[in-house]
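J.: Below is the sequence, then the predicted model.
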2 protein chains.
Amino acid sequence: MGIEERRERERSARKLNIVRAARKLFYEKEFKDVTVAHIAKKAELSKGAVYLYFKSKEEIYGQILLSELDKTYNVALSSLRNEQSAQKMLIAFAEIYIDTFLKDRESFRKIMTFMLQTDHLNLSENLNQSLIKSANKTMDIVGTILQRGVEEREFPPNLDIWQSRNIIWGMLNGIISLYLFSGKEVSREKVIKSMIRAGLNHLVEGTKTSTKQKKAICA
Amino acid sequence: MGIEERRERERSARKLNIVRAARKLFYEKEFKDVTVAHIAKKAELSKGAVYLYFKSKEEIYGQILLSELDKTYNVALSSLRNEQSAQKMLIAFAEIYIDTFLKDRESFRKIMTFMLQTDHLNLSENLNQSLIKSANKTMDIVGTILQRGVEEREFPPNLDIWQSRNIIWGMLNGIISLYLFSGKEVSREKVIKSMIRAGLNHLVEGTKTSTKQKKAICA
DNA sequence: TGAATTATGGTCAATCATTGACCAAAGGTC
DNA sequence: GACCTTTGGTCAATGATTGACCATAATTCA
């Protein structure tokens, strides 16, 4: 049924158009300073039409965050494609992840702000769950790399993958938070990447030394 | 008013979509074998929607012819841009005109068929007039070139421009009709162009010789 | 500090746009 | 010539959208 398909395409296009318009405004101003009337105007629709596609202002915002998170995940996935050591993969992942936010600092700000106040946004349970799930997907890439390291006997078999993943994740986002919005722009990339590279190397060496020390004690 | 502008753009886009769908079908089949239901289906609209934008099936067809004629005119206009002799301009015009239809033979067929039965199509007076006018515009390029030839003293000052224009126009279309749909495709372009070039040269020389003979008789 | 005013998220009756069943007429078949 | 099929064109019903309106929150002012 071409007519029904065309209508569906039009609905999708209209929804995407609203999201694009809203995204621009949310990136220019704070959430509370953006009005639904303004979003509607930019999308060349009425307010009623915006509410046809979205339950609330928060739903629009959440949808934007969701697509940011999904995009970040899809980009970071490429770090799994090269056959190389787990340590090198971790560094490759981190660099791709950092690049994503160097290109779009506002995206990082929004995502991190959301993480800090998931209970404040008044999103539907469904959307909230999707956001958490999407964020976790990217985090899980780190876990996948660590698991490979253990399987290739590069990391100790008793490595606590869940804990290590979270430590790496925290360090990554913590360092990016420290330097993404401050310091000299010309050296920002270098500072962040070298610091994270050093931190990852230290962490990896630490897991190996821990195993050697345990073996030494047993001898 | 963004909303009204968006609605206008959507109406234009929908109309263009109908014309595109119809054009494909009219180029595959005869006018009478194409149904409005089929056009609607190809455009992914209902029949009622098609009649929202067009008064009748003939109106759609006429609109398509109009855009073909306008396109032909715009392409042919470029022959007026080069500063050269009127004779060379005529040949340049002819070659551009021929190329248009070598690329799209069906366009030529449709336009010529229309010329042969303007009274059969049952178009609105308005659309009919637009079609005639558009066809005449292209023809008038020939007249413009001839006028320049007279002004540059390349052609005799007493040249009947209207008559000469029609002679050239008739010869052009007559020769194209003869060879566009028959003969070997590989030599088609060469045959048509060389024949028209020869015909134009003969006609031009004929206008010059006519003036010389008149002068000789007066002496 | 409370009243008045303004701004805005969200709603819904009115309006606009589209659909496809229906009809009349033309063409085809037996 | 009666009957059937096809199709151009129509329009009541339905889907999509609009923007005035309302309730509530935030802001301003005396």
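T.: Here it is on my side, so go on. Numbers count the residues shown, from 1 in each chain, chains lettered A, B, ... in the order given.
J.: what about A:Ile168, neighbour count?
T.: By other C-beta atoms under 10 Å in any protein chain shown, 23 other residues sit near A:Ile168. (Glycine included, C-beta is placed from N, CA and C.)
J.: tell me which element the residue of chain A found nearest DNA strand C is part of?
T.: Taking C-beta to the nearest atom of the strand, DNA strand C has its nearest neighbour within chain A at A:Gly48, 3.0 Å off. Using DSSP states H and E, A:Gly48 falls within helix A:47-53.
J.: List the buried residues for that helix?
T.: A:Val50, A:Tyr53 (16 or more other C-beta atoms under 10 Å in any protein chain shown).
J.: Enumerate the residues of chain A near DNA strand C.
T.: Selection of chain A residues close to DNA strand C by C-beta under 7 Å from any atom of the strand yields A:3, A:6-7, A:34-37, A:47-48, A:51, A:56-58.
J.: now do 6 Å
T.: With C-beta under 6 Å from any atom of the strand as the criterion, chain A meets DNA strand C at residues A:Ile3, A:Thr35, A:Val36, A:Ala37, A:Lys47, A:Gly48, A:Tyr51, A:Ser56, A:Lys57.
J.: Which member of those is positioned nearest DNA strand D?
T.: A:Gly48 (1.6 Å).
J.: Provide a list of residues in contact with that closest one.
T.: A:Gly48 makes contact with no residue under the criterion C-beta atoms under 8 Å, 6 or more residues apart in numbering or on different chains.
J.: Identify the residues contacting A:Lys193.
T.: Here A:Lys193 is in contact with A:Ala94, A:Glu95, A:Ile98 (C-beta under 8 Å, 6+ apart).
J.: Repeat the analysis, applying 10 Å as the threshold.
T.: By C-beta atoms under 10 Å, 6 or more residues apart in numbering or on different chains, A:Lys193 lies in contact with A:Ile91, A:Ala94, A:Glu95, A:Ile98, A:Asp99, A:Leu102, A:Ile175, A:Tyr179.
J.: For the longest helix along chain A, buried residues please.
T.: Identified as the longest helix of chain A according to DSSP state H is helix A:185-218. Counting neighbours by 16+ other C-beta under 10 Å, one finds that the buried residues in helix A:185-218 are A:Arg188, A:Ile192, A:Lys193, A:Ile196, A:Gly199, A:Leu200, A:Val204, A:Thr207.
J.: near DNA strand D, which residues of chain A?
T.: So far as C-beta under 6 Å from any atom of the strand goes, chain A lies against DNA strand D at A:Arg7, A:Arg14, A:Leu45, A:Ser46, A:Lys47, A:Gly48, A:Ala49, A:Leu52.
J.: got a markdown table for these, with pLDDT too?
T.: Shown next, in a markdown table, are the residues of chain A next to DNA strand D (pLDDT from 0 to 100):
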| residue | pLDDT |
| --- | --- |
| A:Arg7 | 95 |
| A:Arg14 | 95 |
| A:Leu45 | 96 |
| A:Ser46 | 95 |
| A:Lys47 | 95 |
| A:Gly48 | 95 |
| A:Ala49 | 96 |
| A:Leu52 | 95 |
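J.: which of those sit farthest apart?
T.: A:Arg7 and A:Lys47 (21.9 Å; C-beta to C-beta).
J.: Counting by contacts, list what the strand or helix carrying A:Tyr73 packs against.
T.: Following DSSP H and E, one finds A:Tyr73 within helix A:57-76. Counting contacts by 3 or more C-beta pairs under 10 Å, 6 or more residues apart in numbering or on different chains; DSSP states H and E, helix A:57-76 packs against helix A:2-28, helix A:36-42, helix A:47-53, helix A:86-103, helix A:105-116, helix A:125-151.
J.: Show me how far the last one is from its chain's centre.
T.: Just to be clear, that refers to helix A:125-151. Chain-centre distance of helix A:125-151: 10 Å, with C-alpha atoms, centre = their mean, to the nearest Å.
J.: In terms of residue numbering, what are the domains of chain A?
T.: Using automatic domain parsing, the domain parsing of chain A gives A:1-54, A:56-218.
J.: Of those domains, which shows the lowest average pLDDT?
T.: Between these, the lowest average pLDDT goes to domain A:56-218, which shows a mean of 88.
J.: next one: that one to chain centre, how far?
T.: 8 Å.
J.: ok, the residues of chain A next to DNA strand C vs B:Ile161, which is closest?
T.: A:Ile3 (53.8 Å).
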